[in-house]
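Colleague: I need the structure of the sequence given here:
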Amino acid sequence: MNQQYRSPFSQRYGSPEMRRLWSEEAQRVAWRRVWLAVAEAQHAAGLVSAEELADLRQHARQIDLARARQIEARVHHDLMAELRTFAEQCSVGGRVLHWGLTSADVKDNADVLQQRAALALLLRRLRELLLAFAQAIEETADLTVLGYTHLQPAEPITLGYRLALTAMDLQESFRSLAALRRGLKGKGIKGAVGSYAPFVEMLRDHEMEAEALEARAMQALDLESYPLASQIYPRTQDLRLISSLALLASVLHKFAFDLRLMQSPALGEVAEPFASAQVGSSAMPFKRNPVRAEKICSLARSVAAGMQVAWANAANSLLERTLDDSANRRSLIPEAFLALDEMLLSAREIVEGLEIDRQAIARNLARYGPFAATERVLNALVAAGADRQAMHEVLRHHSLQALQAVQEGKANPLPDLLASDPSLLQYLQPARVRALMDIGQYVGLAPQKARHMAQSLRAAFAQDDHEPHATS
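Modeller: Numbers count the residues shown, from 1 in each chain. Sure thing, here's the model as predicted:
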């Protein structure tokens, strides 16, 4: 029996790959990478011997969680516990570990290494989703569906164009996250308040200067550092990170919310995939709930809520540093990545398995399409010499009459009403009016625009040579 709390992100949400990037072991490996990089720089400065450095390198990946937890139970400091565990393993080099450093010199650089690896994985997920969108857009570029503005029937659009709009926003998020990843900076190696004081002292009689030691260590980590920092890197960077993730979450939320609307019986045009043995409701066996889309919306809210926490962490990091961001950052940043990982995987499942009910699409077009066609009729009347304002009033009167009939469950009578109105027939023949009421092809450039978006996605993402690796 397991009587310990488990986070939903421990197993339910997020991929094993993303969980590994945020695991305790991965975190401690990242800490040790920083310790080793600093020791290598100190060796180059003549402070650490070759034997000491070799000993540290030999044990750098020898993570012993059991021993670290045993020590942490006494010292109540996770990084100190890992430091002592590492030092115990290194009988020769252990004495120089953490020389001149403060905890944030280790953690704040290691955090960014993990963030960068997690962003690489998200970018790969997003690329795969965009290619799935390209396929779906191409397949539905010409499929006319009723458009909705204010959640009311409007002019028709194509399903491919609707999907292309989402893909455009996702592509912008890809560019934003890729730029963010390239711009992430670590704290650097600056000591307890960012002044370099310990390193100036230890290097006083050596040729290497404190900034050169920092540069050498950060080069080993392949990580740029802030030119200035306090005890920590500026928490505004976390706010930019969470905000960028929340922006992506907003796009996925809208896509999922739209799908939930389209899957509802009132529309019934598009649905997410539903497995043969899947259960929609424990009480109502007939239900086919859009659980993937609802999950995306739910997780998106939690990511968005993190912006307020990240803002408070940035705004309340007083003077050289306070510790009131530490506890929430342990879950804030990893869980935002895990949530986005799950959302992107679920969105891809939806897009690749999208189910389209063409009968429902045709039914909705027949029921409400004539109302959208009134604009087309109005434009033709004006072109034929009619007064636009007068014709608008005639069309409004007939539309409201027809809407009443539709709401009573009757067939839409608007084409008959317009084709028999004498005021319209002064300018247009009945056959012309009925032809204009056929709204199926009244979609402008939507098909071409959708196909162009699909082509641009394939051109941008079909090759993955430019993709960053999730281990970097």
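Colleague: could you point out which element follows the longest helix along the chain?
Modeller: Identified as the longest helix of the chain according to DSSP state H is helix 103-140. Downstream of helix 103-140, the next assigned helix or strand under DSSP states H and E is strand 144-149.
Colleague: using PDB, write out every CA atom in that following strand.
Modeller: Extracted as PDB, the C-alpha positions of strand 144-149 are listed here (Å, rounded to 0.1, in the frame of the first residue of the first chain):
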ATOM      1  CA  THR A 144     -16.600  24.300 -46.200                       C
ATOM      2  CA  VAL A 145     -18.000  24.700 -42.700                       C
ATOM      3  CA  LEU A 146     -20.200  27.300 -41.200                       C
ATOM      4  CA  GLY A 147     -18.300  30.100 -39.500                       C
ATOM      5  CA  TYR A 148     -19.300  31.500 -36.100                       C
ATOM      6  CA  THR A 149     -18.800  35.000 -34.700                       C
END
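Colleague: what does it rub up against?
Modeller: 153-159, 162, 269, 361, 364-365, 368-369, 372, 439-441, 443 (CB atoms under 8 Å, 6 or more residues apart in numbering). For glycine as for every other residue, the C-beta is placed from the backbone atoms N, C-alpha and C.
Colleague: counting by contacts, list what the longest helix of the chain packs against.
Modeller: With contacts defined as 3 or more CB pairs under 8 Å, 6 or more residues apart in numbering; DSSP states H and E, the packing partners of helix 103-140 are helix 16-21, helix 24-44, helix 78-89, helix 159-183, helix 210-221, helix 236-263, helix 326-352, helix 446-461.
Colleague: buried ones in it, by neighbour count?
Modeller: 103-134, 136-138, 140 (16 or more other CB atoms under 10 Å).
Colleague: quick one: that helix to helix 24-44, angle?
Modeller: Counting by axes from the mean of the first three to the mean of the last three CA atoms, to 10 degrees, helix 103-140 lies at 130 degrees to helix 24-44.
Colleague: so how far is helix 103-140 off the chain centroid?
Modeller: 8 Å (CA atoms, centre = their mean, to the nearest Å).
Colleague: pLDDT below threshold where in the stretch 301-450 of the chain?
Modeller: The stretch 301-450 of the chain contains no residues with pLDDT under 70.
Colleague: contacts only, for the residue nearest the centre of the chain.
Modeller: Of all residues in the chain, the one closest to the mean position by CA atoms, centre = their mean is Leu248, 3.5 Å from it. Residues in contact with Leu248 (CB under 8 Å, 6+ apart) are Leu122, Leu126, Leu170, Ser173, Ser176, Leu177, Leu340.
Colleague: which of those residues has the most neighbours?
Modeller: Ranked by neighbour count (other CB atoms under 10 Å), the contacts of Leu248 have Leu340 at the top, with 28 neighbours.
Colleague: tell me the contacts of the residue nearest to Ala460 when sequence neighbours are not counted?
Modeller: In space, and not counting its chain neighbours, Ala460 is closest to Gln171: 7.2 Å by CB to CB, 6 or more residues apart in numbering. Residues counted as contacts of Gln171 (CB under 8 Å, 6+ apart) are Leu130, Leu457, Ala460.
Colleague: His98 too?
Modeller: His98 sits next to Trp35, Leu83, Val106 when contact means CB under 8 Å, 6+ apart.
Colleague: kindly recompute the last result at 10 Å.
Modeller: By CB atoms under 10 Å, 6 or more residues apart in numbering, the contact list for His98 reads 31, 34-35, 38-39, 79-80, 83-84, 86-87, 105-106.
Colleague: tell me the SS of it?
Modeller: Three-state assignment for His98 (DSSP: H, G, I helix; E, B strand; the rest coil): coil.
Colleague: next, find the distance separating it from Gly191.
Modeller: Separation of His98 from Gly191 (CB to CB, to the nearest Å) stands at 12 Å.
Colleague: which residues do those two both contact?
Modeller: With CB under 10 Å, 6+ apart, His98 and Gly191 have common neighbours Asp105.
Colleague: how near is Leu318 to Ala390?
Modeller: To Ala390, Leu318 is 69 Å away according to CB to CB.
Colleague: ok so, going back, identify, from the contacts of His98, the entry nearest to Gln70.
Modeller: Distance ranking of the contacts of His98 against Gln70, using CB to CB, places Arg84 first at 10.0 Å.
Colleague: as TSV, the helices and strands packed on helix 103-140 with distance to Leu146 would be great.
Modeller: Below are the helices and strands packed on helix 103-140 laid out as TSV (distance: least, CB to CB, whole Å):
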stretch	distance to Leu146
helix 16-21	38
helix 24-44	49
helix 78-89	57
helix 159-183	10
helix 210-221	55
helix 236-263	10
helix 326-352	21
helix 446-461	13
